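**Q** no sequence on hand, only this structure:
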């Protein structure tokens, strides 16, 4: 075997092991629907986007319906079970007590996003479909970010008008051209 082939093989093996270790660190909580969620949801993305979201039952219902439109295979019977599992484990819940506020972890903490209004919204909205590496490497004007976010909405990103404005402003400040 040539030196370059060996190096490539070791590089691939290292990346594969790192990916498995990362995936293992993102274990979903126990529950009857855990195997369904793992089979259905993680067929397209890892558990990270699921675990970052905090949504109401209605929002989880909309999210699962949206994933079905992208091809997720969820029966009517499993749909309710999955939504209940997601709501129980990743629902909005009550706010942390005042003494715990400093300890509360932001959804954006795991993504290395710069501080600013809209940071958590970008982390939870954008990671529903992809990671944030391309976002963090992109430099664009406010108009360009607006076009990019518009294109994501056309692909199915669930963004209200006020959220659109917040996301666009955050991205143009955090990743300016």
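**A** Great, that's in hand. Remember, it's a predicted structure, so these values are computed and weren't measured experimentally.

**Q** give me the below-cutoff pLDDT ranges for the chain.
**A** Scanning the chain with the threshold set as pLDDT under 70 gives 1-26, 93-110.

**Q** what residues go with each domain of it?
**A** With domains defined by automatic domain parsing, the chain comprises 29-93, 106-177.

**Q** with mean neighbour count as extra columns, can I get these in TSV?
**A** Heads up, the C-betas are built off the backbone N, CA and C, glycines and all. Shown next, in TSV, are the domains of the chain (neighbours: other Cβ atoms under 10 Å):
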stretch	mean neighbour count
domain 29-93	15
domain 106-177	16
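
**Q** show me where this structure has helices.
**A** 3-24, 34-40, 48-52, 57-69, 76-90, 119-126, 133-137, 142-154, 161-174 (DSSP state H).

**Q** tabulate those in a markdown table, adding columns for distance to residue 111.
**A** As requested, the helices of the chain are arranged in a markdown table below (distance: least, Cβ to Cβ, whole Å):
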| stretch | distance to residue 111 |
| --- | --- |
| helix 3-24 | 13 |
| helix 34-40 | 21 |
| helix 48-52 | 8 |
| helix 57-69 | 19 |
| helix 76-90 | 17 |
| helix 119-126 | 5 |
| helix 133-137 | 8 |
| helix 142-154 | 16 |
| helix 161-174 | 11 |
